[in-house]
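> Show me the folded form of this:
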Amino acid sequence: MSYPSVLEVVAGSPAAVAGVAVGDELLDVNGVRPSDVIEYQVLVDEADPELTIRRAGVERTIAVAKTHGIPLGLRLSSSIFDRVQTCDNHCSFCFIYQLPPGMRRSLYLKDDDYRLSFLYGNFTTLTRFTELDLDRIRTEGLGPLYVSIHAADPEVRASMLRNRRGATSLRWLRALLDEGVTVHGQVVLCPGINNADILERTCAEIVSSYSKLASVGVVPLGLSKFNTEDNLVAHDAATAAADLDIIEAWQEIALERLGRRLFFASDEMYLTAGRSFPPVETYEDFSQHENGIGMAQAFYTEIETLEKGQDPALRLPTGEWRSLPAAVAEGYRAPRGGGAAGSPGEGPVVVATGAYGARVLEPVLARLAALAGAELRLLPVQNDFFGGNVAVSGLVVGEDLKRALAADATPAARYLVPDIALSGDRFLDEMTIAEVASVATAEVRVVETTAAGLVAGAVA
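Numbers count the residues shown, from 1 in each chain. Just a heads-up that it's a prediction; the model follows:
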């Protein structure tokens, strides 16, 4: 078990007044060594907590004067202080197995930890879940949680997870729902494995036995060129359309029986099938927005809001880490940006994005240009780094973007890059925004992956 260190002390906070400093290691609170930031938050929520810290190798006790419920004022270096519960499944479709070697170490960590599900919206299969875990979730009211279902048929699910516990672990899903825990489910569709008739049976079982699920996101298998599994194939237009028919039919059944649609297909399914996105109201509360479900319609709705001169209300991220001030922003919520590099040029503002992103933007490019008061053009970036059917903007890497910018001979005022592709100033392949910008003929600017962010980035 490791000790978290202090990354930030809020100025004027009780912790700052008491003398806690950046770099201090937190050993315990009131004599209790917390296992994670959730337990830590409960402990420091009390009045006048006593912290044991280690500074420069010397342990000391710091008494903090504060009332109950007042934030302590610390942000810590990690969210899990003991060992992260790793995944013991061996799913053939797991994208981690399809990563090339040599990427940052954290990308290869497979977790199956309900705490990370609560904090960050990570999906867990529940194959390592225990009665103690259920008791803690019940006692502390942890939720929402996110659970990978994939198939309701026990044999199919066990085969997909390559784990015999996959056949029985959905009993924990039922237990969570019976306890009133909010749970969002996920089905990763693999053609020939759990789509078509198997998908029909999964939807039927969910409506029958797991109807308390808040939502079920259905997303297609992602295949990179590093895949070594012969039985995995990507959706084509025909199979995507057929599976969408099933999902939409069960939406209507769920709406009739439960009063809500329950099932939601990813934007990628509609793009692959060559179909228009469904109306915005069919996404209900956009509960799986970060799972690539309803992102396009949410973006289009934001444009309409901007055109009306209103301030768009942006969705909070999946997971509850924002309600825990001490939790470090990790993974999808890691700090993004990188600012800008290079000098402005002459010509239109160029939006560099993944192939799917370009298809979403193309129908509304003129409207975005009108909002920005600038000419816009698209630069789709082919994902050769991962290959396969990988075309989402979040997986655009520096190597591919750099090549696209170097080959772009058309005049440009600046290039806009979606921040979703970066962590800090680095892409997944560790290339920095400055390295990418070194080959561009104009400034390269990182912008928030929203309509408002794109419009703001286009303004000189």
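> and residue 8, what helix or strand is that in?
strand 6-9 (DSSP states H and E).
> ok, that strand: who's next to it in the sheet?
With DSSP bridges as the test, strand 6-9 is paired with strand 74-76 (antiparallel).
> Touching the strand holding residue 8 from outside, list them.
Contacts of strand 6-9 with the rest of the structure, by CB atoms under 8 Å, 6 or more residues apart in numbering, involve 15-16, 20-26, 53, 73-77, 328. Backbone N, C-alpha and C define where each C-beta goes, glycine included.
> Okay, and which of those residues map to strands?
Among the contacts of strand 6-9, the ones falling in strands (DSSP state E) are 25, 26, 53, 74, 75, 76.
> What is the nearest of the residues you listed to residue 382?
Top of the list for closeness to residue 382, among the ones in strands among the contacts of strand 6-9 and by CB to CB, is residue 75 at 38.6 Å.
> Max pairwise distance over the contacts of strand 6-9: which two?
Distances among the contacts of strand 6-9 were taken as CB to CB; the most separated pair is 16 and 328, at 18.5 Å.
> which of the two has more neighbours?
More crowded of residue 16 and residue 328, by other CB atoms under 10 Å: residue 328, with 19 against 16.
> Could you report the separation of the more buried one from residue 251?
Separation of residue 328 from residue 251 (CB to CB, to the nearest Å): 37 Å.
> Dump the ones in strands among the contacts of strand 6-9 to CSV, plus neighbour count.
Converted to CSV, these look like this (neighbours: other CB atoms under 10 Å):
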residue, neighbour count
25, 17
26, 23
53, 21
74, 25
75, 19
76, 22
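> between the contacts of strand 6-9, which is closest to residue 3?
residue 25 (4.5 Å).
> Hmm, residue 30 is touching residue 42, no?
No. Look at residue 30 against residue 42 with CB atoms under 8 Å: they stay out of range, at 10.7 Å.
> so residue 404 touches residue 382, yeah?
Yes. Residue 404 lies in contact with residue 382 (CB under 8 Å); the separation is 7.3 Å.
> what helix or strand is the closest residue to residue 164 other than its chain neighbours on?
Spatial nearest neighbour of residue 164, chain neighbours left out: residue 158 (5.5 Å); criterion: CB to CB, 6 or more residues apart in numbering. For residue 158, the host element (DSSP H and E) is helix 154-161.
> now residue 99, nearest residue through space, not along the chain?
Nearest non-adjacent residue to residue 99, counting by CB to CB, 6+ apart: residue 107, 6.1 Å away.
> and the one you found, what is it in contact with?
Neighbours of residue 107 in contact, by CB under 8 Å, 6+ apart: 96, 99, 428.
> Make a PyMOL selection of the buried ones in the residues you listed.
Only the buried entries of the contacts of residue 107 go into this PyMOL selection, using 16 or more other CB atoms under 10 Å:
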select buried, resi 428
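> and which of the contacts of residue 107 is nearest to residue 194?
Closest to residue 194, out of all of the contacts of residue 107 and judged by CB to CB, is residue 96, at 19.0 Å.
> Helix, strand, or coil at the closest one?
Secondary structure state of residue 96, per DSSP: H, G, I helix; E, B strand; the rest coil, is helix.
> Please report how far it lies from residue 276.
On the measure of CB to CB, residue 96 and residue 276 end up 33 Å apart.
> go on, residue 354?
Residue 354 sits 20 Å away from residue 276, going by CB to CB.
> Neighbour count for those two, which is higher?
Per other CB under 10 Å, whichever of residue 354 and residue 276 has more neighbours is residue 354, with 24 against 9.
> now the stretch 251-400 of the chain, which segments are flagged as low pLDDT?
Applying pLDDT under 70 to the stretch 251-400 of the chain flags the ranges 314-316, 331-332, 337-338, 341.
> Hmm, I typed the wrong one, I wanted the stretch 1-150 of the chain.
1.
> How are the helices of it distributed by residue range?
For the stretch 1-150 of the chain, helices defined by DSSP state H, counting those that start in this stretch occupy the ranges 14-18, 37-44, 114-120, 131-140.
> Which residues are in contact with residue 320?
Residue 320 makes contacts with 118, 119, 144, as judged by CB under 8 Å, 6+ apart.
> still on that earlier bit, JSON lines please, covering the contacts of residue 107 and showing distance to residue 454.
Putting the contacts of residue 107 into JSON lines (distance: CB to CB, whole Å) gives the following:
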{"residue": "96", "distance to residue 454": "31"}
{"residue": "99", "distance to residue 454": "29"}
{"residue": "428", "distance to residue 454": "21"}
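> Just give me the closest of the contacts of residue 107 to residue 35.
residue 96 (24.8 Å).
> which non-adjacent residue is nearest the closest one?
Of all residues not flanking residue 96 in the chain, residue 110 sits nearest, at 5.5 Å (CB to CB, 6+ apart).
> What is the neighbour count of that neighbour?
14.
> Does it touch residue 87 like I think?
Yes. Applying CB under 8 Å as the test, residue 110 and residue 87 come out as touching, 3.9 Å apart.
> Domain-wise, how is the protein divided?
6-76, 95-322, 334-458 (automatic domain parsing).
> could I get the ones you listed as CSV with distance to residue 83?
Output for these, formatted as CSV (distance: least, CB to CB, whole Å):
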stretch, distance to residue 83
domain 6-76, 9
domain 95-322, 9
domain 334-458, 21
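> how many neighbours does residue 236 have?
By other CB under 10 Å, neighbour count at residue 236 equals 12.
> Spit out the contact partners of it.
residue 272.
> ok, now residue 333?
120, 317, 319, 321.
> would you turn those into CSV with distance to residue 358 and secondary structure?
Shown next, in CSV, are the contacts of residue 333 (distance: CB to CB, whole Å; DSSP: H, G, I helix; E, B strand; the rest coil):
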residue, distance to residue 358, secondary structure
120, 28, helix
317, 24, coil
319, 29, coil
321, 31, helix
